[in-house]
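Participant: Sequence and predicted model, in that order:
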Amino acid sequence: MVKDRTVRLTAAGQARLSGELADLQTRRLPALTARIQEASQHGDVTDNGEYEELKEERATLEARIRDLEQTLERAEIIHRDAADETVGLGSKVTLRSDDGDEETWVLVSPEEANALDGTISTASPVGRAVLGCRAGDAPTVTTPGGSIVFTVLSVA
């Protein structure tokens, strides 16, 4: 959880986290509150498993809301210089692994990383290895399964 430090976010990351926060506050939390109220009206809540599960879900949801609020309050939006040819926060980098597979990622802070969105954390093994690289560089990434050499094909 982010408490006292500045969080560097891309503009897209800020928008995604703001959207998630709005969805949690305006749609999911009110719906969950209504479900909890409905479950509490079904008799003795001390013996109601559904009621307890819903309360736990609400606590998790409220914790995520607090985390997002704190992250966004401490956010510093970074703007990538298009002329910068080195890999840094906000860079879109295409890599080829030593087995020939190509992947394209946008390097972002750990708070906004989401592999499903094509982003990778600068704190991840691959992210750390490619920071500061240029097209043509070939950093080695050490993983639990062994070492992998990536060639940086492009940086945008």
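Facilitator: Thanks, I have it.
Participant: Same question for the longest helix anywhere in the chain: list its buried residues.
Facilitator: Assignment by DSSP state H gives helix 49-73 as the longest helix of the chain. Across helix 49-73, burial judged by 16 or more other CB atoms under 10 Å covers 51, 54, 55, 58, 61, 65, 67, 68, 70, 71, 72. C-beta coordinates here come from the backbone N, C-alpha and C atoms, glycine included.
Participant: Now do the same contact list for the first one.
Facilitator: Just to be clear, that refers to residue 51. For residue 51, the contacting residues are 36, 39, 40, 42, 45, by CB atoms under 8 Å, 6 or more residues apart in numbering.
Participant: and the gap between residue 5 and residue 75?
Facilitator: 11 Å (CB to CB, to the nearest Å).
Participant: Compare these two (neighbour count), which wins?
Facilitator: Per other CB atoms under 10 Å, whichever of residue 5 and residue 75 has more neighbours is residue 75, with 20 against 7.
Participant: mind listing what's buried in the lengthiest strand in the chain?
Facilitator: If you go by DSSP state E, the chain has its longest strand at strand 146-155. Neighbour counts over strand 146-155 (16+ other CB under 10 Å) mark 148, 150, 151, 152, 155 as buried.
Participant: now do stretch 7-20
Facilitator: For stretch 7-20, the neighbour count (16+ other CB under 10 Å) marks 7, 8, 9, 10, 13, 14, 16, 17 as buried.
Participant: what sits opposite the third one in the beta ladder?
Facilitator: In this structure, residue 9 has beta-bridge partners residue 77, where bridges are defined by DSSP bridges.
Participant: got a list of what it touches?
Facilitator: Neighbouring residues of residue 9 by CB under 8 Å, 6+ apart: 17, 71, 75, 76, 77, 78, 108, 109, 111, 112.
Participant: for the second one, what are its contacts?
Facilitator: What it means is residue 71. 2, 7, 9, 17, 111.
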